[in-house]
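# no sequence for this one, just the structure:
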């Protein structure tokens, strides 16, 4: 089986593929200071809880936007799985031209999402990823990564309100507001974040559509994608496993190139 790992600034997502099927997936907090053995204990515990034998993993692929974590996780793979993981980065075969001023600046997760989205739709696509930052990536109808937009993530925005406005509490956004006209502070913040963010997403997608002037598909991924997509008609589809699917596609392209 193939173990795919996407290491983000806030969360790390793991997916276990048996052929083309994701048979298990996990979302854990990214810990910058975790040791090799702490990762070993955690991942083996997750495997054990779902009856997965570690020796059933035959290959590993990793995308990571947190450089201090990558070295630790790579060594964890070698120690606990006896495998050298494939790392998404410069020199890897993605099958997608990266037409960015400096391709090395593009986060691995953004490239992985772009590969998965184009493989799924085979047309011009916007990928909206609701992560620590919210990113918008545009892929042309020829399968070229052309760039995009980076905005502060939803939870970053919530935390900024708490830290910079002394009378506002820290809030967690999990559900659609009951009303845009809220009658208490927490509800007001909830409405502002959710509807404000939906407006931001709708506006950016509209501007990209106007600039590229072509028929395209809009897909969203990330933890809060379902919540915002429900308030944003411009988002046509939500795929929780887009990044994992992209990792599998890239792994297979590199396997064939060997």
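Structure's in. What do you need? Given the structure is predicted, the values throughout are model-derived calculations rather than measurements.
# isn't residue 13 up against residue 3?
No. Between residue 13 and residue 3 there is no contact under C-beta atoms under 8 Å: 11.4 Å. Every residue, glycine included, has its C-beta placed from N, CA and C.
# just the strands in the stretch 51-200 of the chain please.
Along the stretch 51-200 of the chain, counting by DSSP state E, counting those that start in this stretch, strands occupy 59-64, 86-87, 125-130, 133-139, 145-152.
# most tightly surrounded among these?
Neighbour counts (mean count of other C-beta atoms under 10 Å) averaged over each of the strands of the stretch 51-200 of the chain peak at strand 125-130, with a mean of 26.
# next, the angle from that strand to strand 145-152.
On the basis of axes from the mean of the first three to the mean of the last three C-alpha atoms, to 10 degrees, strand 125-130 is oriented at 30 degrees to strand 145-152.
# and strand 125-130, which strands flank it?
strand 133-139 (antiparallel), strand 217-222 (parallel) (DSSP bridges).
# ok, which of those comes nearest residue 204?
Judged by C-beta to C-beta, the one of the strands paired with strand 125-130 that comes nearest to residue 204 is strand 133-139, at 5.5 Å.
# and the closest one, what's its mean pLDDT?
Regarding strand 133-139, the rounded mean pLDDT is 97.
# what do you get for stretch 95-111?
The average pLDDT within stretch 95-111 is 95.
# can you give me the end-to-end span of that stretch?
For stretch 95-111, the first-to-last residue distance is 10 Å (C-alpha to C-alpha, to the nearest Å).
# need the residues that contact that stretch.
Here stretch 95-111 makes contact (C-beta atoms under 8 Å, 6 or more residues apart in numbering) with 6, 8, 63-65, 88-90, 94, 114-115, 118, 127, 129, 131, 135, 137, 139, 143-148, 243, 246, 249-250, 253.
# hmm, back to that, now distance to residue 209 too, for the strands paired with strand 125-130, in JSON lines please.
Below are the strands paired with strand 125-130 laid out as JSON lines (distance: least, C-beta to C-beta, whole Å):
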{"stretch": "strand 133-139", "distance to residue 209": "10"}
{"stretch": "strand 217-222", "distance to residue 209": "9"}
